[in-house]
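Chemist: quick one: sequence plus predicted model below, questions after.
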Amino acid sequence: MTGTFNKRLAIVWLVLTLMTLAYIWLDHSADDDGVYRASTVVTVAAILIALVKVRIIFREFMEVRHAPALLRRLTDAWVALMAVCLLGSYFIGSALAG
Amino acid sequence: MTNLQESTEQAERKPARFVPGQPDMWVFVLFESLLFTGYFSVYLIGRIQNRDLYLHAQADLDLRFGIFNTIALLLSSWAIARCVQASREGAYRDALRDAFLTIGFGVAFLVSKVIEWTKEIRLGNTFTSNEFFQHFFFLTSIHLLHLLIGFIVMGVAVYQLWSPARRSQQLVETCATYWHTVDFLWVLIFALLYVVR
């Protein structure tokens, strides 16, 4: 029992770490010879990857996948709410700034 | 005696669905993430109003610190998740080891954060330098405050695991829930400060 659980936790950690390392590539993809450039694709990708990581931490590390439906739905709703707030601020802000 | 043993075993058996830790901690977790989300929105809107300044200032950050810190906290989260499972199965020696491992990775984060701050301040980037570094120092220090509280929380977990007289599984899970929150808030802060363009 402990064996399978611990293996699952190690895989979860590995997936989260690989997603973190993906940021290294993402970080330089929009730049021009070390000069930082604004990029909607990089911004949206960075936010979405972070939110997927948060959901994985909720479900796996925080054991929400074994929790009652209320907590599972609540945490999912929270991730969705964060997505709406972060992407919404970015896009509405961009529209206002022109 | 057999009946008593059976009922104890039944009680110890994990129910199919359970809330990890005290529900109050979950209320706190959801409240904190809402508070941080509000602040992230303010940061993102501020960023767009003054794009060039943010991009220019952001170029002074060293992504390597961000990556190292994220992996350190992910390792600490992994360790505390193991600790919860070990303690649930009565393997308290393993649980204690994992709790100390969690604290160790937390300390690695703390040290690296202080080195990064020192480096930025030496470069001339302080709280009052510009809007980007104001957000940077505010967010990272508020987060570090949560980490410091996390060390106290981990002290409670170690205290629970130490003596057979205590060992409340619910308290250990509550401590873990708090620690994971420190981790996932950092995951968001890292993406927003270092990578977003």
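Modeler: Okay, I see it.
Chemist: which of the residues in the helix or strand of chain A with the lowest mean pLDDT are buried?
Modeler: Least confident element among the helices and strands of chain A, by mean pLDDT, DSSP states H and E: helix A:2-29 (a mean of 88). Within helix A:2-29, the residues scored as buried using 16 or more other C-beta atoms under 10 Å in any protein chain shown are A:5, A:6, A:9, A:12, A:13, A:16, A:17, A:19, A:20, A:23, A:26, A:27. To be clear about C-beta, it is placed using only N, CA and C from the backbone, and glycine gets the same treatment.
Chemist: what of stretch A:58-76?
Modeler: For stretch A:58-76, the neighbour count (16+ other C-beta under 10 Å) marks A:58, A:59, A:60, A:61, A:62, A:63, A:64, A:66, A:67, A:71, A:72, A:75 as buried.
Chemist: out of these, which are inside strands?
Modeler: When these are checked against strands using DSSP state E, none is located there.
Chemist: quick one, what contacts the closest residue to residue B:36 other than its chain neighbours?
Modeler: Leaving aside its chain neighbours, residue B:36 sits nearest to residue B:185 (5.6 Å; criterion: C-beta to C-beta, 6 or more residues apart in numbering or on different chains). Counting by C-beta atoms under 8 Å, 6 or more residues apart in numbering or on different chains, residue B:185 touches B:32, B:33, B:36, B:143, B:146.
Chemist: distance of the first one relative to chain A?
Modeler: It refers to residue B:32. Going from residue B:32 to chain A by C-beta to the nearest C-beta, to the nearest Å gives 11 Å.
Chemist: the strand or helix carrying that residue packs against which elements?
Modeler: According to DSSP states H and E, residue B:32 maps onto helix B:23-49. Packed against helix B:23-49 by the contact rule (3 or more C-beta pairs under 8 Å, 6 or more residues apart in numbering or on different chains; DSSP states H and E) you find helix A:69-97, helix B:131-162, helix B:169-190.
Chemist: quick one: least confident helix or strand in chain B?
Modeler: Here the helix or strand of chain B ranked lowest by mean pLDDT, DSSP H and E is helix B:2-12, holding a mean of 51.
Chemist: relative to chain A, how far out is residue B:195?
Modeler: From residue B:195 over to chain A the distance is 4 Å, taken as C-beta to the nearest C-beta.
Chemist: what about that residue, how many residues nearby?
Modeler: Neighbourhood size, residue B:195 [other C-beta atoms under 10 Å in any protein chain shown]: 25.
Chemist: for it, which non-adjacent residue is spatially closest?
Modeler: Nearest non-adjacent residue to residue B:195, counting by C-beta to C-beta, 6+ apart: residue A:46, 4.1 Å away.
Chemist: next SSE after the helix or strand that contains residue B:70?
Modeler: Secondary structure from DSSP H and E places residue B:70 in helix B:63-88. Following helix B:63-88 in sequence order, the next helix or strand is helix B:92-122 (DSSP H and E).
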